[in-house]
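K.L.:
Compute the structure for the input listed below.
(2 chains)
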Amino acid sequence: MAENYESNLPTLVCSLSEPRKELQGTRDCYVSYLIVTRSTLPSFPKSEIKIRRRFSDFTKLHEIISRMYQDCIVPPLPGKQRLEYIKGGRFSDEFISRRASLLNRYLQRCSSHPVLHSSPHFIAFLSNSNWNNYVKLTIQPKLNATSKLEDLSDAFLNAFTKLREQKEEYAQQKEHIQQITSGIVNMESILQRLSKLERVLEQNYHELSDQFGKLMAMNGISDVSLDEMQLALRGTRTEFAGLADNSHSLLDALKDIEAYTLAYRDLLKRRDQKQLDVEALEDFLVKLNKEKEKLLNDKPSGLNFMKTVNDLRGINHEESLRKQMEQVDTEINTVEQAIQEATEVSMLFDKRVNEEAQFFNAVRQAEMVDVMRKYAKLHVQFFSAIKDIWEINKQEP
Amino acid sequence: MDSFEDNNPFSGTRFIKDDELPEEADTFNATWDDVKPASTSSSAFINNTERTSGLEISKNDHVEEEYPSSKPLPNPRPFMILPVQVTGALKAKDGSHIVYSIKTDSSATQRRYSEFVSLRINLGRLYPTCVVPPLPEKHSIVDYVFSFTKTQRNNHILEQRKRMLQTFLLNVYQHPVLGQSQVFRDFLSRNVSWNEVLANPPISLLPKNILKASPRDPASQEEMDIYTHLPVPSVNLLPKNAYDAESQYFIQQEEDLKTLSQHLANHVSRSNNQLLSTYTRLSSLFSELGAELNALSLPESGLLLACLERTGQACDRSCFSAVDLIHMLIVGVSEPLMELSKFASTMRLVLQYKRIKTIQCVLANDMLSRKTELLELLEQRESEANRLSLAIQETETDPVSLRAQSEESSSGGTSDERPLGFLSPMQHFESNFANDLQDPYLSSSGLNTSGFGPASDEGFAAHDSYEEQSHQQEEQDTNEPPPDDAEGAANTVTNENATLPADDSSNSPKQKTPTSRIAQTIAEFFDKINFAIHGLVDVDNVSTRHSTIGRTKESVAQLERMVKVTKQDAEFADKTVSHEYKRYAENRAETLRSVYSSFATAHENWAKCNLEFWSALSEQMEREATIH
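P.N.:
Numbers count the residues shown, from 1 in each chain, chains lettered A, B, ... in the order given. Now for the predicted structure:
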């Protein structure tokens, strides 16, 4: 579990804060974020490092680690998700602060990941002041060596072949994650509708306080003071606005979890891939074995036409047969070796997947619990504010 | 649809008859508990009488305890101290309508909604100076706020109707005048059918137009002759010159009430209802979220499972608390606001009534003063005629004047054409007057303008004839202002239309003495005018003149009575209405305060309730988070 890793192994803790607009007023304006990292990892150059990174640095990091760590559930990079409910442009305060909190969660997920957190690339991202050069000189050639296209075509080819043998365990995992994803999607939509309603309520309270204000301005009503009521109505309105604002961060968190589950599903797909590799090799082996059998069966029927012809041509029949047999045997050997390797790879991958799944579920559950906690807290905050508003008001008369 | 009330042991379809009394007592007893919360909440916004309502609640408890033993029959307590309850809504026997059970300490009966409406209308007619409390509308906010299921909605509508009918009854009951009225008592009494009440006095004696009746007691038969002849001014036309600053103030007050009523109904209530419908949506979304969280918890285990489950429960409770909030807002805010709006418009109508009563008084005064002027004029003329006849007797032997007179009389022949000329303005005037009766307010100012309007032509005509007279008798020096004469003539016409037939016997014997020719000539002119007007030949001009004076005197006497009555009425209306206004304003202030405090309480309770379970949840989750 995630906690175990943290307690047993050297730790790496990082936090992202202080978004800042750089080169403001120019065309090349961008936003940078401060990342503070404390670590006890031996590979980490200092115990604490502060560094500024911009969003495009994150995309590079993400590209690298998602290519290099195929057997990990690499956290999804925020911003790849739809953020259509954000008002204003890329440089609006709301956008920046939300992206900051999303990037922060990305770093949290990476830094708590048992494999990724000690990845040299991740550490370089957190500590190397010359990150761009690092990417260009050290990483890029490696990435080019394993072409993207290869991966893609491989995945594409196998996308249509079904697994011969579905492993119960992974089928269950798939179903489970499917269920969770759809649940989260539903919850997101409800929360979105709720926050819309909270906006409507904000509007309603605004209008109501206006109307009571007008009522008070009328002749003959002045003997009753509704000032406090108007104040309270306005206060309630503000609280609803706050509630709606805050539920955005919860929505972001949920969306982030949803994206994370997608990464997990991708990993499961890659695992299937490995299994498929083994299965394909096994198929090939079966074919080779059949061929060998055929050759062996040829032996006893010595007096046939082919034999005569070959004899006439001066070819040593025994010799050629032996050669063929040898060829098949070596092929079988290589395939068997390949199968062994692939199976080993697949098994290792399975093991990794299991580890990853465990880790992922722990993180996901912790995050969901966190969302629930924040949701409850938000309501506690909201309702105590509302209570205060109306309680104070009631005491006066 | 059998039973509208959940716990009513009388599942609807029975009409309780008089001989089922003990059983009915059980019904009330059984339904008492359901009704009580409604009664306490509604009494929160029945104003002016917190003491009474506080008393009444404690009384309820009291009654609840001893009700089974003290059967409704003999009740030592006087009627007035005890509250009115609407205890249930049942479907009538034939299933076509719903009857509401009403219970007072001394009696219990059932009335349907239309009878409530009829009660309200008739109270308004019987007590035009009182602000009759408003009734709930047939369809209201609940219609669209609660629309989960049909039966649920029906229940809510009935609950609300019951509550508001009870508020209505309590409001009437607490009114110092209306609460004491026989009609209201009859309404509450089990032995009287409402149709009977409608068919009997005082309601049967009410005149068609309530403005032609005494404000004190519109069903009274006293001074009927005067009331039937009261001018009824229109509400819309305001004779500005007839009003002083004080009246302007009252007109402004009416305007204010109108804006207030509209603002309350169209703006405040509307935004409040929007708020309620948003809360309705919010509450259903919360229940959806609760269900979704439960579904989400199914594939989970451990801490997350517990978290999701508990949050789901919190959401469910949020849903219920929002429903409670809506309910409290409906009872404590929406309904009183609608009531306020209706109270304002009723108050406006009562103020309007008072204004019309004042106008009627002003009109009666105007009419009287004109009539008195006319009478003075006629009497003056009479005395002149007498003086003339004396002078003629002295100069009777002078042939010149006689000839002149005969010439004049022949020229009078040419004036025969005049009647045609007279006819049209007079007809005009008469039709105008008829119009005034239909659109009576015009006449209030119109009685002045009519002196200038159509009557002015005629005024010149009369002036002409008068000049001829004065030309002949310059030495007599008659400085009678001719337009007045004309107006007098006009008023004579008014008289013919407006007053009872005059009695000739009032003429003095002295006026019966033989007249001279000159006097005859003068009389001839009047005769012609009369001829023009009435199209009949009255040869006896003297008696005509005398009867005119008699009629005028008669109508002056009647008008004097009218002035007296209208003055009294106006004073009465002014007094009671200003009292009512004070009561209304207090009520309004009280209701607004209670709206405010209900709004605050509803929100406070809502927040408290939510805070309780959300913070319990939050604390638990925080605890668990630190443990893990």
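
K.L.:
Once you drop chain neighbours, what's closest to residue A:199?
P.N.:
Closest residue to residue A:199 apart from its sequence neighbours, by C-beta to C-beta, 6 or more residues apart in numbering or on different chains: residue A:244 at 5.0 Å. To be clear about C-beta, it is placed using only N, CA and C from the backbone, and glycine gets the same treatment.

K.L.:
what about the one you found, distance to residue B:606?
P.N.:
Going from residue A:244 to residue B:606 by C-beta to C-beta, to the nearest Å gives 18 Å.

K.L.:
same deal with residue B:209?
P.N.:
Distance from residue B:209 to residue B:606, by C-beta to C-beta: 51 Å.

K.L.:
Domain map for chain B?
P.N.:
B:1-206, B:229-408+B:427-472+B:521-628 (automatic domain parsing).

K.L.:
Pick out the shakiest of those domains, pLDDT-wise.
P.N.:
Least confident of these, judged by mean pLDDT, is domain B:1-206 with a mean of 60.

K.L.:
Low-confidence regions, chain A specifically.
P.N.:
Across chain A, the ranges flagged by pLDDT under 70 are A:1-9, A:80-90, A:141-164, A:219-225, A:298-317, A:392-397.

K.L.:
run the last query once more with 80
P.N.:
Low-confidence segments of chain A (pLDDT under 80): A:1-12, A:22-29, A:41-47, A:70-71, A:78-95, A:128-130, A:133-167, A:217-227, A:295-321, A:392-397.

K.L.:
quick check, the helix or strand harbouring residue B:585 touching chain A?
P.N.:
Assessed by DSSP states H and E, residue B:585 sits inside helix B:541-627. Yes - using C-beta under 8 Å from any C-beta of the partner chain, helix B:541-627 reaches chain A at B:585, B:588-589, B:592-593, B:596-597, B:599-601, B:603-604, B:606-608, B:610-611, B:614-615, B:617-618, B:621-622, B:625.

K.L.:
Of these, just the buried ones, PyMOL syntax please.
P.N.:
Selecting only the buried entries of those in PyMOL, with 16 or more other C-beta atoms under 10 Å in any protein chain shown as the criterion:
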select buried, chain B and resi 588+592+593+596+597+599+600+601+603+604+606+607+608+610+611+614+615+617+618+621
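
K.L.:
What residues sit buried inside stretch A:44-59?
P.N.:
Under 16+ other C-beta under 10 Å, the buried positions of stretch A:44-59 are A:44, A:49, A:51, A:53, A:55, A:57, A:58.

K.L.:
Same check on stretch A:327-335?
P.N.:
A:328, A:331, A:332, A:335.

K.L.:
Other residues contacting stretch A:359-368?
P.N.:
A:1-3, A:5, A:73, A:109, A:112-114, A:180, A:253, A:256-257, A:260-261, A:264, B:300, B:302-304, B:307-308 (C-beta atoms under 8 Å, 6 or more residues apart in numbering or on different chains).

K.L.:
What about those, which are in helices?
P.N.:
A:2-3, A:5, A:109, A:112, A:180, A:253, A:256-257, A:260-261, A:264, B:302-304, B:307-308 (DSSP state H).

K.L.:
Report the buried members of those.
P.N.:
A:2, A:5, A:109, A:112, A:180, A:253, A:256-257, A:260-261, A:264, B:303-304, B:307-308.

K.L.:
Farthest-apart pair in the residues you listed, please.
P.N.:
Based on C-beta to C-beta, the longest span within these runs between A:5 and B:308 and measures 25.3 Å.

K.L.:
what ranges do the helices span in chain A?
P.N.:
A:2-8, A:55-68, A:93-112, A:120-127, A:131-133, A:140-145, A:148-158, A:168-217, A:227-298, A:305-313, A:317-395.

K.L.:
Give me whichever of these is most buried.
P.N.:
Comparing the helices of chain A by mean neighbour count (mean count of other C-beta atoms under 10 Å in any protein chain shown), helix A:120-127 ranks first with a mean of 21.

K.L.:
Could you export that helix as PDB, CA atoms only?
P.N.:
Taking Å, rounded to 0.1, in the frame of the first residue of the first chain, the C-alpha atoms of helix A:120-127 are listed here in PDB:
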ATOM      1  CA  PRO A 120      15.700   9.800 -12.800                       C
ATOM      2  CA  HIS A 121      13.500  11.700 -15.200                       C
ATOM      3  CA  PHE A 122      11.100  12.800 -12.500                       C
ATOM      4  CA  ILE A 123      14.000  13.700 -10.300                       C
ATOM      5  CA  ALA A 124      15.600  15.700 -13.100                       C
ATOM      6  CA  PHE A 125      12.300  17.500 -13.600                       C
ATOM      7  CA  LEU A 126      12.200  18.400  -9.900                       C
ATOM      8  CA  SER A 127      15.800  19.300  -9.500                       C
END
